[in-house]
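J.: Model the structure of this input:
(3 chains)
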Amino acid sequence: MPELPEVETTLRGIAPHLRGACIDRLLVRERRLRWPIPADTERRVRGQRILGLDRRGKYLLLELERGTILIHLGMSGSLRIRAADSPPAKHDHLDLCFQGGQCLRLRDPRRFGVFLWTPEPPAEHPLLAHLGPEPLEPGFDGDYLYARARDRRCAVKPFIMDAGLVVGVGNIYANESLFRAGIHPARACNRIGRERYWRLAAAIRAVLTSAIEQGGTSLRDFVRDDGSRGYFSLSLQVYGRAGEPCPGCSAPIRLRRIGQRSSFYCPRCQT
DNA sequence: CCGGACGCCTGTCGGC
DNA sequence: TGCCGACAGGCGTCCG
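T.: Down below sits the predicted model:
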């Protein structure tokens, strides 16, 4: 579910509630997420203040006085601020409860998400250590993509979805970015020129920025911290639109699996 | 080292 | 209406 814009939207929603808050307790109802939540996690985080929040790729970071909580929403995760004494719904796997009666509640039906406390600097954690650059920060540009594509042979779509290359670009935004850049998703990444990679880098930044401004994309289960839905779905040009006319040339949008993921593209506009 | 396939889970949707 | 397979926004691991 959540790609970079959804995670950023979540971060902006919860940060005002969490910054400076003191953790009263962690209530875990279901430990079996992507990796089981270790039994000592409750003890590790209890009584600690949240000094700050950050995002790295699709990971949310809660910086504590000692250590950091890493949260990943997987395919179906969402976070909401609730009263700690409100009844949990199905798949509400844990509450991070604060002094004052509020809690951060994680819902994740498919349980592909992550909730881990780590004592080390988050950048050194094995899950984060090999991540590529942030697409919205300096250093991510056409030259970077071009250089990294020299020794690769895969299709450009799985190339830009590789978190070791650049973080945060999932299936929806990969499809949308390639459409805006006019690049066919199955084109070999080493057969794209520097010029076109500059267009692609710009497209990725524009799509992600626009999606963040619109609160992310709500297809089915993504909700913001206050329960509202993002409306970038209204701006999707190709994702989920197989058979519909291309917004540019009216040719029917095509659907095809590339790298085990559904890929939507215009066969005329994207080469 | 790379690329491709697989598996982890539950929910939903379309076809029969 | 019910059943069954396919598919879903991610990603670590395994295999060739």
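J.: Only C-alpha atoms from now on, for both contacts and neighbour counts.
T.: Fine.
J.: is any part of stretch A:51-68 close to DNA strand C?
T.: Yes: residues of stretch A:51-68 contacting DNA strand C under Cα under 7 Å from any atom of the strand: A:Lys58.
J.: dump the residue contacts of A:Ala251.
T.: For A:Ala251, the contacting residues are A:244-245, A:266-268, by Cα atoms under 8 Å, 6 or more residues apart in numbering.
J.: let's go with 10 Å and repeat that
T.: Neighbouring residues of A:Ala251 by Cα atoms under 10 Å, 6 or more residues apart in numbering: A:243-245, A:266-269.
J.: any idea how far it is from A:Gly182?
T.: Spatial separation of A:Ala251 from A:Gly182 under the definition Cα to Cα, to the nearest Å is 14 Å.
J.: try A:Gly132
T.: When Cα to Cα is applied, the distance between A:Gly132 and A:Gly182 equals 24 Å.
J.: So between the two, which is more surrounded?
T.: Taking neighbours as other Cα atoms under 10 Å, A:Gly132 and A:Gly182 compare with A:Gly182 leading, 20 against 17.
J.: can you tell me how far the more buried one sits from A:Pro158?
T.: Relative to A:Pro158, A:Gly182 is positioned 16 Å away (Cα to Cα).
J.: how distant is stretch A:251-266 from the center of its chain?
T.: Centroid displacement of stretch A:251-266 relative to its chain, using Cα atoms, centre = their mean, to the nearest Å, is 21 Å.
J.: right, quick check: it against DNA strand C, any contact?
T.: Yes: using Cα under 7 Å from any atom of the strand, we find that stretch A:251-266 touches DNA strand C at A:261-262.
J.: gap between the two ends of that stretch?
T.: With Cα to Cα as the measure, the first residue of stretch A:251-266 is 7 Å from its last.
J.: Could you do stretch A:214-234 as well?
T.: Criterion Cα to Cα; first-to-last residue distance in stretch A:214-234 is 10 Å.
J.: avg pLDDT for it?
T.: The average pLDDT within stretch A:214-234 is 78.
J.: do stretch A:97-108 as well
T.: Stretch A:97-108 comes out with an average pLDDT of 98.
J.: Next, see if it gets close to DNA strand B.
T.: No: counting by Cα under 7 Å from any atom of the strand, DNA strand B is not contacted by stretch A:97-108; separation bottoms out at 8.3 Å.
J.: So what's the gap between that stretch and the chain middle?
T.: Mean-position distance between stretch A:97-108 and its chain equals 21 Å (Cα atoms, centre = their mean).
J.: do stretch A:218-237 as well
T.: Shown here is stretch A:218-237, whose average C-alpha point lies 13 Å from the average C-alpha point of the whole chain (Cα atoms, centre = their mean).
J.: next one: stretch A:260-271
T.: 22 Å.
J.: residues from the stretch 101-250 of chain A in reach of DNA strand B?
T.: Near DNA strand B, the residues belonging to the stretch 101-250 of chain A are A:109-112, A:151-155, A:158 when assessed by Cα under 7 Å from any atom of the strand.
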